[in-house]
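Asker: only geometry, no sequence info:
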Ligand code: MF3
Ligand code: CO
């Protein structure tokens, strides 16, 4: 497995795409209120993509025989882990909503995800969100020239399980650049001291998915929507990160 590192110019283009990604996610988060339909958030994102002359990384994406993904954003409510397809469902107070979004600009991609509360939520749901967000920070802090890819997942899994939650195994983070998904795969679990070393110029999309109950998941008949097997809640945070001389740089934060 070879990890291609990025030049300074490429990192600049990735910053630009990642900034646009983060701006549009911020707008969707503002618009996600009780009563908002999921499809309205997709519509908002499409118009913001056009405004910036960016390209959706998701629309029409079809990995390995799946039907083409029909939207520009994945919206996953409550027990949906990832890849929820926006429909006419209205957000309700007490829901948690995961927004996963990516665009490319000048051929380079930025990819991010956030789980947000819709109005007041239960303390259990808030704890799940807080742990997942902190798990992403743990992952980011492991992007160092002294570490290997396996150290990221080891740190995330240890952090999450110490707090009584479980990490999803069936979906992983990834390299990112000219393609949304590049080598290496970045698991959120596993043993330390394995997988490739992290070099300067490496760009990764780190994305812990954390479940309140079992880590096991189930794909719905639409072949995209992924739910927890026990129908308990799930949260997802993702950032695009580069290792530069100063350390890890998060590209998808405003
Ligand atoms: N954002 C997801 C990832 O981080 C991919 C979404 S699949 C798509 O890898 F079909 F929606 F594009
Ligand atoms: Co991703």
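Answerer: Now that the structure is in, tell me what you want to look at. If you're wondering where the values come from, they're calculated on a predicted model, not measured in any experiment. Ligands and ions are numbered 1, 2, ... in the order given.

Asker: Point out where this protein drops to low pLDDT.
Answerer: Applying pLDDT under 70 to the chain picks out residues 1.

Asker: Tell me where it has helices.
Answerer: Here the chain has its helices, by DSSP state H, at 8-31, 38-51, 123-141, 149-162.

Asker: Can you add mean neighbour count and distance to ligand 2 and give the ones you listed back as JSON lines?
Answerer: Heads up, the C-betas are built off the backbone N, CA and C, glycines and all. Listed next are those as JSON lines, based on neighbours: other C-beta atoms under 10 Å; distance: least, C-beta to the ion, whole Å:
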{"stretch": "helix 8-31", "mean neighbour count": "19", "distance to ligand 2": "11"}
{"stretch": "helix 38-51", "mean neighbour count": "18", "distance to ligand 2": "16"}
{"stretch": "helix 123-141", "mean neighbour count": "18", "distance to ligand 2": "12"}
{"stretch": "helix 149-162", "mean neighbour count": "21", "distance to ligand 2": "14"}
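
Asker: I'd like to know which of those helices is closest to residue 112.
Answerer: In terms of C-beta to C-beta, the element of the helices of the chain nearest to residue 112 is helix 8-31, at 5.5 Å.

Asker: what residues does that closest one touch?
Answerer: 6, 40-41, 44-45, 48-49, 52, 54, 73, 99, 101-112, 114, 116, 176-177, 201, 203, 240, 242, 244, 251-254 (C-beta atoms under 8 Å, 6 or more residues apart in numbering).

Asker: Around ligand 2, pick out the residues from the stretch 51-200 of the chain.
Answerer: residue 111 (C-beta under 5 Å from the ion).

Asker: since we're on the residue in the stretch 51-200 of the chain that ligand 2 sits nearest to, how many residues are nearby?
Answerer: In the stretch 51-200 of the chain, the residue that lies nearest ligand 2 is residue 111 (4.2 Å; C-beta to the ion). For residue 111, the count of nearby residues is 28 (other C-beta atoms under 10 Å).
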